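Just a sequence and a predicted model for now, questions to come.
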Amino acid sequence: MLNLIDANAEIVRLENEIKSGVRVISLSGLTSTAAKAFVLSQIRCATGSTFVVVTDTNSTVDEWSCDLDFWDNSDNRSQFKVDSEKTSSSRISHSSILTLPSFETDIYSGVSPHAETQEVRALTLWKLAQDKADFLLLSTKSLVTRTLPAEEIRLLGAILKRDKDFAPEELITRLVSSGYVREEPLNGVGQFSVRGGIVDVWSPDAETPVRIEFFGDTVDSIRGFDPETQLSTSQLKEISIAPMREFSASMQDFKDWAFFSRERFSGERFTRNLKDRTDFADEGESFSGWEFLLPLIKPLNASIFDYLENVVFVIDEPQIIEHSLETFYDSMQARLAEITAAGDVGLKPNELFLDGAELREKLDGRQRLELRALGKTAAATDEEFEINPDVLANEGRNLSGSEGVSIVDMRSRNAESKNPKSGNTLPTGRVSASETNPLFLFPTVEKSSDYEIQSRSTRKFHGNVSDFSAEIKSQAKTQIKTFIVTQTIGMSERLEELLREYDISIPPDFMMVGDLSGGFELSSSNLLVYTETDIFGEAHGSEFRVPSEKTKARTTKSMLGAFISDFRDLKAGDYVVHVDHGIGRFEGLQTLDTGGVQREFMLLIYADNTKLFVPVERLDLVSRYSSGESAEVTLDRLGGIGWQKTKAKAKRAMRDMADELLRLYAERKLVTGFAFSPDAPWQHEFEDAFPFDLTVDQASA
């Protein structure tokens with residue numbers, strides 16, 4: 001697609017500036033992520049540089065990832081070049097685009113990070129430790145999060161080569177310490193199994209598991225196999241096994257932590273909460289939230305900066321980034337003071353994150369491209385001046401690219417922010433320039449090369465194909481090249497049918513299939529991009545959609561277990577179970593202000609009337625309580641040891657049941673069976689004469 005678009009002189013100048021090593025470049029005018037990703041993809045193609053995009057939240061990271069992946073593969077997005085199998089959802093993202101999500105878990109809540117977040121972070125760090133990427137996308141919180149050095153991350157995973165030595169015992173040790181779970185047989189990512197000299201393992205960056213056969217300490221063969229049929233599908237010369245988490249700890253590490261934590265938190269007020277953790281650590285066992293406490297004995301001596309050499313940092317809206325970091329630092333200090341007063345244990349923020357001085361030092365001297373929607377002039381304006389979002393919206397200056405959402409007030413990220421647990425309000429009010437930019441990371445007075453490339457949001461048609469066709473005919477009379485992006489081939493074909501009714505034929509190369517966050521117009525490149533959402537609106541076209549494999553898997557998963565997907569049948573007073581905290585009482589939904597952003601939380605009440613706020617996007621951690629016993633329900637104590645003991649007891653019961661099943665099946669294997677003869681013709685005649693059609697369940701039984 002990129003070869004069909006007119007060359008943009010400003011983009012060419014930007015490419016030359018980056019190639020020549022200009023340290024700070026400011027680019028203004030791009031008001032949507034889709035437009036920014038388009039320009040950045042063109043620059044990367046010309047320069048071959050690695051770009052590290054820093055944005056404010058994980059959700060914006062996901063948006064950038066989607067848009068960059070679209071432009072990075074734009075040559076294969078033509079309607080007639082898309083392979084339906086390749087466009088269906090897959091675990092494996094484009095290899096050159098990596099994301100490093102931040103931990104959304106409150107580090108002082110006593111809860112471990114979500115397993116999926118740990119997996120993505122570990123995989124990204126593993127890949128960066130081995131090689132460079134074209135793009136790395138991360139949030140401000142990830143930028144300052146401390147982690148392990150690259151050499152330690154390499155030791156959490158393994159690279160095995162056929163006919164080379166690698167002790168199977170060493171491999172098993174690494175798998176266990178990096179978060180893999182032993183399952184016989186394995187059936188999912190992050191699992192491994194061992195049978196004599198054969199090790200099966202499924203790495204998070206592999207589409208299928210592999211079977212590694214050892215001859216002594218030598219890798220004899222490496223084969224990919226189908227986990228359902230157990231049949232080999234490929235012969236491999238080499239396999240990369242990535243870690244499932246970036247933190248590792250041995251039994252001795254936990255015992256050491258128990259010893260030193262008693263010295264660090266020796267005050268009487270810490271006794272009860274500390275004991276809840278040391279009871280496990282003394283036995284060499286992990287406990288909930290250990291990842292944010294273990295640095296007490298195993299300091300985190302690196303950050304993402306240590307993985308990046310000769311890269312260009314792309315700062316997506318520097319003012320927002322700075323405000324986001326300031327709010328984050330303030331909230332960490334407030335949370336530490338809160339839990340300390342309550343007698344709970346936690347490490348200082350600078351033990352887990354870079355402080356402001358360290359961050360400035362890490363950024364100093366790094367080449368960076370600053371993306372400012374309004375340019376440096378507006379950014380340097382007196383902070384007392386308030387931008388009128390309505391005026392900017394009328395001018396088409398829309399940061400998100402979504403209709404009805406005007407440009408972000410650059411000071412909104414620094415507005416009144418309440419902590420969802422404490423209810424404490426961070427100091428706000430009329431802010432001065434010194435208060436707004438205490439970090440002074442991206443000063444507007446710094447010498448830089450300034451460029452401007454204006455983009456505009458596209459018109460929304462809300463399903464009015466007549467208006468859209470008139471717009472297309474009008475654009476055809478100009479030099480502007482118009483591209484249409486739909487999410488599926490079926491929708492692309494349906495849109496073509498609709499447009500033919502208005503005597504419009506779209507060339508195949510201008511009908512594209514993929515995911516793009518929004519349409520935009522780039523007049524300097526004579527480019528206009530419409531997305532399916534621009535044409536039909538948010539909710540549309542479901543009758544044309546074929547569910548992807550990912551959607552099917554998600555639907556199937558939602559049917560299993562009792563995890564809550566909506567609140568229609570849940571009322572205040574109902575009992576629920578949180579994966580990490582146990583039985584609590586649901587008391588409804590509450591909207592709270594966190595870092596200047598309104599978010600919805602599920603309020604759970606635990607013993608001693610303690611409260612837990614669970615973000616609605618993390619409802620996978622909560623299930624409805626159900627029990628065959630009629631006894632009165634006892635609420636668990638938040639942060640207590642009772643729920644951990646209950647889970648440990650359940651695990652032991654499951655192991656006992658598994659042992660019993662193994663014995664049962666072993667006995668069945670040894671008993672001589674009776675083989676029935678194949679079905680005779682009369683049996684088939686009898687079945688064919690059955691007057692009713694089998695249901696789906698009957699046929700699959």
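Arrived safely, thanks for sending.

per-domain residue ranges of the chain.
Partitioning the chain according to automatic domain parsing yields domains covering residues 10-150+301-385+392-452, 158-241, 252-285, 456-544, 553-624.

Nearest to P678, out of the ones you listed?
domain 158-241 (22.9 Å; C-beta to C-beta). For glycine as for every other residue, the C-beta is placed from the backbone atoms N, C-alpha and C.

what secondary structure does M602 sit in?
strand (DSSP: H, G, I helix; E, B strand; the rest coil).

Make TSV out of the domains of the chain and add mean pLDDT, mean neighbour count and distance to V671.
Below are these laid out as TSV (pLDDT from 0 to 100; neighbours: other C-beta atoms under 10 Å; distance: least, C-beta to C-beta, whole Å):
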stretch	mean pLDDT	mean neighbour count	distance to V671
domain 10-150+301-385+392-452	77	18	41
domain 158-241	92	16	22
domain 252-285	93	16	40
domain 456-544	87	17	53
domain 553-624	74	15	33
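
closest one to F292 among those?
Of the domains of the chain, nearest to F292 by C-beta to C-beta is domain 10-150+301-385+392-452, at 4.4 Å.

start to end distance for that closest one?
Domain 10-150+301-385+392-452 has an end-to-end distance of 8 Å (C-alpha to C-alpha, to the nearest Å).

again, but for stretch 667-686
Length of stretch 667-686, first residue to last, C-alpha to C-alpha: 36 Å.

what distance separates that stretch from the centre of its chain?
Counting by C-alpha atoms, centre = their mean, to the nearest Å, stretch 667-686 is centred 51 Å from the centre of its parent chain.

Helices of the stretch 401-550 of the chain, residue ranges please.
Under the criterion DSSP state H, counting those that start in this stretch, the stretch 401-550 of the chain contains helices at 433-436, 465-476, 489-500, 532-536, 549-559.

Sorry, wrong one. I was asking about the stretch 1-150 of the chain.
Applying DSSP H, counting those that start in this stretch to the stretch 1-150 of the chain gives helices spanning 9-19, 33-47, 58-72, 84-87, 115-130, 140-144, 150-156.

quick revisit: in a markdown table: the domains of the chain, plus distance to L294.
Shown next, in a markdown table, are the domains of the chain (distance: least, C-beta to C-beta, whole Å):
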| stretch | distance to L294 |
| --- | --- |
| domain 10-150+301-385+392-452 | 9 |
| domain 158-241 | 13 |
| domain 252-285 | 6 |
| domain 456-544 | 38 |
| domain 553-624 | 17 |
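
Can you check which of these gets nearest to A666?
domain 158-241 (13.2 Å).

Could you work out the end-to-end span of the closest one for me?
Counting by C-alpha to C-alpha, you get 5 Å between the two ends of domain 158-241.

Repeat that for stretch 22-36.
Using C-alpha to C-alpha, one end of stretch 22-36 lies 20 Å from the other.

returning to what we had before: which of the helices of the stretch 1-150 of the chain sits closest to Q479?
The closest of the helices of the stretch 1-150 of the chain to Q479 is helix 9-19. By C-beta to C-beta, the value is 15.2 Å.
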